[in-house]
Structures are given as C-alpha cells and as structure tokens.
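> sharing a sequence plus its predicted fold:
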Amino acid sequence: MSTNLTIPPVIMWQYEQLYNLVEYQTQDGLLTAKQVAEFLHKDPAWLLRATYDGMCPFAFGSNKGVGRGTSCFHSLPFFFYMTQGNLFRAATDKDSLPELLQI
C-alpha cells in the first residue's frame, strides 16, 4: 500500500529559514557561529565547543594557539548536512521527486 507523504508546515518553515540563511546571510560562502547557532536554536558557545572538539560534522575549528579559538562554517556543507542532499538531488532530477515523496 502506498500513501503520499505530506510535509508538515513547520518543516517547510524550517526549510525556508535554512534557504534564507544560506542564500541571503552568507558572506563569501561562509556563516558565523552565531548565525548557525541561532538557526539551530542553540547557544553559540555550545556550537563552538562542539566544533573545537571535532564533533560538528559541517564545521572546522580549533581552540589551540593564542588562547582564542577559530572556526569556519561553510554554507555548502551546512546546507547539505541539514538537507542530507535531498533537496539538491530533487532539484537536479525532477523525475525522481515524486518517488522521494512516497512511502
């Protein structure tokens, strides 16, 4: 038995927020820790700590050296992490979109 999957409005809203963040708030393809943390509804210090510890799959960072950490949040890996690449695949292969939305 096959049923159509309906995307909840809150998920659509989050996708819109993600798109707006990546499209309109990046600078040279980069996001700040504060921007990413606000999107995730987390404390920026928590995100930076996860990044410094190597636990953030979409960012690079280090807290070694001069006593001040550095971090890098590229918009492409962040977008792909949040969407698992599904939006990109659907946008580039419109024939598979109905298949992706069915159970």
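That came through, no problem. Numbers count the residues shown, from 1 in each chain.

> to what extent is A37 buried, counted in neighbours?
Other residues lying near A37 total 18 when counted by other CB atoms under 10 Å. The way it works is simple: take the backbone N, C-alpha and C, and place the C-beta from them, glycine included.

> what's the spacing between the strand of greatest length in the chain and its chain's center?
Longest strand of the chain, by residue count under DSSP state E: strand 70-74. Here strand 70-74 is found 13 Å from its chain centre; the criterion is CA atoms, centre = their mean, to the nearest Å.

> which strands and helices sit next to it?
Helices and strands touching strand 70-74, by 3 or more CB pairs under 8 Å, 6 or more residues apart in numbering; DSSP states H and E, are strand 30-31, helix 33-40, helix 44-52, strand 60-62.

> same thing but 6 Å
When contacts are defined as 3 or more CB pairs under 6 Å, 6 or more residues apart in numbering; DSSP states H and E, strand 70-74 sits against strand 60-62.

> buried set for the strand it packs on?
Buried residues in strand 60-62, defined by neighbour count with 16 or more other CB atoms under 10 Å: G61.

> and if you look at stretch 4-24?
By neighbour count on 16+ other CB under 10 Å, the buried set for stretch 4-24 is 18, 21-22.

> so what's the gap between that stretch and the chain middle?
Averaged C-alpha coordinates place stretch 4-24 at 11 Å from its chain's average position (CA atoms, centre = their mean).

> just stretch 29-38 next, same as before
In terms of CA atoms, centre = their mean, the centre of stretch 29-38 is found 10 Å from the chain centre.

> averaged pLDDT, that stretch. What do you get?
Averaged over stretch 29-38, pLDDT sits at 96.

> need the CA coordinates for that stretch. CSV is fine.
Taking Å, rounded to 0.1, in the frame of the first residue of the first chain, the C-alpha atoms of stretch 29-38 are listed here in CSV:
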residue,chain,number,x,y,z
GLY,A,29,30.0,31.3,1.3
LEU,A,30,30.6,31.5,5.0
LEU,A,31,28.3,31.7,8.0
THR,A,32,29.2,32.8,11.5
ALA,A,33,28.8,30.5,14.6
LYS,A,34,26.2,32.9,15.9
GLN,A,35,24.1,32.6,12.7
VAL,A,36,24.3,28.8,12.7
ALA,A,37,23.6,28.6,16.4
GLU,A,38,20.5,30.9,16.1
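
> no more questions from me, cheers.
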